[in-house]
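S.K.: for reference, the sequence and a predicted model appear below.
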Amino acid sequence: MTEQEFQKFVVEHLVKLSESQEKIQQDITRIEIEHGEKLAALFDGYESIKGTLANHTDRLQRIEEKLETHEIQIKVLDSTKANKRKLNK
């Protein structure tokens, strides 16, 4: 192989390497953008679920408070009814 042929060979391979490197950089950039968009969507979904869960937790707390009140009222009514039965006998 002559010196000129070797130089030509080296230049051709350097060009191929540069093209490959550029393609890899473009692929990496595309992947970073796609993953960024997907992560943003996942975060938005997480925030939405977090808000819904907080809303449900608040509603459940109110329901539990109402239930406690109703249980007390039922106990009072039951004891009043039982006391009336005792008095009527």
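M.R.: Sure thing, it's come through. Numbering: from 1, shown residues only.
S.K.: pick out the residue nearest the middle of the chain.
M.R.: Y46 (2.7 Å; Cα atoms, centre = their mean).
S.K.: and it, how far is that from I33?
M.R.: Using Cβ to Cβ, to the nearest Å, Y46 is found at 20 Å from I33. Placement of C-beta: from N, CA and C, glycine included.
S.K.: what do you get for T52?
M.R.: Per Cβ to Cβ, T52 is found 29 Å from I33.
S.K.: what of L67?
M.R.: Taking Cβ to Cβ, one finds L67 at 51 Å from I33.
S.K.: residues near N88, how many?
M.R.: For N88, the neighbour count with other Cβ atoms under 10 Å is 6.
S.K.: ignore the last one, I28
M.R.: Should you count by other Cβ under 10 Å, I28 turns out to have 10 residues around it.
S.K.: give me the three-state assignment for it.
M.R.: With DSSP: H, G, I helix; E, B strand; the rest coil as the basis, the three-state label of I28 is helix.
S.K.: what residue ranges in this protein score low on pLDDT?
M.R.: Within the chain, the segments meeting pLDDT under 70 span 89.
S.K.: what are the ranges of the helices in it?
M.R.: Remark: helices assigned in the chain by DSSP state H are 3-88.
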